[in-house]
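Visitor: 3D model of this:
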Amino acid sequence: MATNQIYSLDSSLPVCETRIRYVLKSVSFIRTPHYDMDHTDAGYYNIMNSFAVNPNSEFTAIHHFNSKHSSNGVRKLGGFGPGPWVTTWNDWNNIYPSDPNYNSRNLAHELFHAKGLSHAWIIDDGCLDTKKNNNGWCDGSNNVMDYNCYHQFNLTPCQICRLQSWLDLRTQYIRQEGGCPPPISYFDIPQRVCRGINSPFYPEIYLQGSACTNENQFRIHISKVPHVGSQSSMPNTIFQSWYSGQVGHIGLKQWTGYQFGSGVYRIELTVKHTDCANEDSMVKWVTVELCPEEGIPANCCLSAAFIYPNPSGEDAVIHYTLEEEANLLIDMIGINLPTPITLQSTRWSAIGNYELPLNLSPFPDGAYQVRIFLNQQEIIPINLVKQQ
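Guide: As a prediction, this is how the structure comes out:
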């Protein structure tokens, strides 16, 4: 989508914790004569306020019918987010049945209103890195605070900081357990890794963990399992160990000594703080496959690719592992770089682990994409943010 938002980052903005988790505590069904209302109706605020549960420490999301909010006889989804309660009405699926997740994004839009965010198209919304637009349908951005027909996924760094600032001033809305903010385990890992038939070594599998300030210990648990989704570890395949510090980018083979042969592996990351009793875990599965000798799929030859650090300043490093010999091309493109530039081109690149230094000083701050091509096929695009 050409009009999708690509952020122009303001380098003066601080970097804030990006993870905010909403915890659903309960669901209630209310029988009331006030089921068909619009937020402009007299008494709407008082009626909805009467439905709020624990308004001094919790948000209440109320979904109801709204016959006034319609277009050409079709009821349209909408909402109202004054806080500490928010309302949504009708069902977006009446218009876009292929997008069942739009209802949840509409709720997120209203919750962010309740936490102080304005519509992104407003010139004085308090954030320099939101895309200003005329709020025309399908002519805005994919920011969650815009109205548009796009998949509304994104927040800018400034918007995230504003959300965190709102919570910093209203800590009663943060679930505290024994005086401790709850830890949140999160990591990315490839779903599929290739091990070449003729490869003399076991592949490296990279875990990209994300930590916040209330975590200072993490545990890695690895085991081989029969299939993706299985919790049943095979005998003599279990590794687990606690580590001090915050989880970040980890090469599991180098970090733990685990040898990943062909098969499916269950990876569990648990995080906690030494001063707190609670911990949190996330589980994902990785499949290690053998590449055939004949007709090797291009995407079978690359077992890992990432850029560190990311976001980057003037210098970064592209890390990648080749499991089979291949023709290699790496280039970079971006909103400030419409014509791709070649970073590396190798006629016949050998099996091995590689690091490619990347000098970003000639390029302005913004969003870029590094693309890796093996055997003339694009393998993986890696999003890169340059931010001084």
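
Visitor: need the helices for the protein, in chain order.
Guide: Assignment of helices within the chain using DSSP state H yields the ranges 44-51, 102-114, 157-168, 252-256.

Visitor: name the residues of the second one that are buried.
Guide: Residues of helix 102-114 classed as buried by neighbour count (16 or more other Cβ atoms under 10 Å): 102-103, 106-114. Where C-beta positions appear, they are placed from N, C-alpha and C, glycine not excepted.

Visitor: what about the stretch 1-150 of the chain, any weak spots by pLDDT?
Guide: When the per-residue scores of the stretch 1-150 of the chain are filtered using pLDDT under 70, the ranges that remain are 1-15, 17-19, 21, 23, 71-74, 91-102, 135-140, 148-150.

Visitor: mind redoing it with 90?
Guide: Along the stretch 1-150 of the chain, segments meeting pLDDT under 90 span 1-109, 111, 114-116, 118-150.

Visitor: just the strands in it please.
Guide: Per DSSP state E, counting those that start in this stretch, the stretch 1-150 of the chain has strands spanning 60-64, 70-71, 74-75, 78-80, 85-89. These are given in chain order.

Visitor: what pLDDT, on average, does stretch 222-242 get?
Guide: Averaged across stretch 222-242, pLDDT comes to 95.

Visitor: quick check, distance from it to the centre of its chain.
Guide: For stretch 222-242, the distance from its own C-alpha centre to the chain's C-alpha centre is 26 Å (Cα atoms, centre = their mean, to the nearest Å).

Visitor: next: stretch 265-278.
Guide: Relative to the mean C-alpha coordinate of its chain, stretch 265-278 is positioned 20 Å out (Cα atoms, centre = their mean).

Visitor: what comes up buried for it?
Guide: Taking 16+ other Cβ under 10 Å as the basis for neighbour counts, the residues of stretch 265-278 that come out buried are 265-273, 276.

Visitor: could you list the domains of the protein?
Guide: Under the assignment named as automatic domain parsing, the residue ranges that make up the domains of the chain are 44-173, 187-291, 299-386.

Visitor: which one, of those, ends up nearest to His34?
Guide: Among the domains of the chain, the nearest to His34 by Cβ to Cβ is domain 44-173 (5.0 Å).

Visitor: circling back: to Pro33, which of the domains of the chain lies closest?
Guide: For the domains of the chain, the distance to Pro33 is smallest for domain 44-173, at 9.9 Å, taking Cβ to Cβ.

Visitor: what is the end-to-end distance of that closest one?
Guide: 24 Å (Cα to Cα, to the nearest Å).

Visitor: same question, stretch 29-47
Guide: The straight-line separation of the ends of stretch 29-47 (Cα to Cα) is 15 Å.

Visitor: now swap in stretch 364-383 and tell me
Guide: Counting by Cα to Cα, the length from the leading to the trailing residue of stretch 364-383 is 15 Å.

Visitor: what mean pLDDT does that stretch get?
Guide: Confidence over stretch 364-383, taken as the mean pLDDT, stands at 79.

Visitor: any buried residues in it, and which?
Guide: With the criterion 16+ other Cβ under 10 Å, stretch 364-383 contains buried residues 365-375, 379-380, 382.

Visitor: most packed of the strands of the stretch 1-150 of the chain?
Guide: Per-stretch averages of neighbours, counted by mean count of other Cβ atoms under 10 Å, single out strand 85-89 among the strands of the stretch 1-150 of the chain, with a mean of 24.

Visitor: pairing partners for that one, with directions?
Guide: Each strand that pairs with strand 85-89, with its direction, by DSSP bridges: strand 60-64 (parallel), strand 78-80 (antiparallel).

Visitor: the longest one to helix 44-51, inter-axis angle?
Guide: Read it as strand 60-64. Here strand 60-64 runs at an angle of 120 degrees relative to helix 44-51 (axes from the mean of the first three to the mean of the last three Cα atoms, to 10 degrees).

Visitor: tell me what angle strand 60-64 forms with helix 102-114.
Guide: Inter-element angle recorded for strand 60-64 and helix 102-114: 130 degrees (by the same axes, to 10 degrees).

Visitor: so what touches strand 60-64?
Guide: Counting by Cβ atoms under 8 Å, 6 or more residues apart in numbering, strand 60-64 makes contact with 35-37, 48, 51-53, 84-89, 107, 110-111, all of which sit outside it.

Visitor: do stretch 183-192 as well
Guide: Counting by Cβ under 8 Å, 6+ apart, the neighbours of stretch 183-192 from elsewhere in the structure are 19, 21, 205-210, 212, 214-215, 218, 247, 267, 269-273, 276, 278-282, 284-287, 289, 303-304.

Visitor: in that stretch, which residues are buried?
Guide: In stretch 183-192, the ones that count as buried by 16+ other Cβ under 10 Å are 183-187, 189-190.

Visitor: adding distance to Asp146, write those out as TSV.
Guide: Written out in TSV, the entries for these read as follows (distance: Cβ to Cβ, whole Å):
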residue	distance to Asp146
Pro183	32
Ile184	27
Ser185	31
Tyr186	26
Phe187	30
Ile189	32
Pro190	32
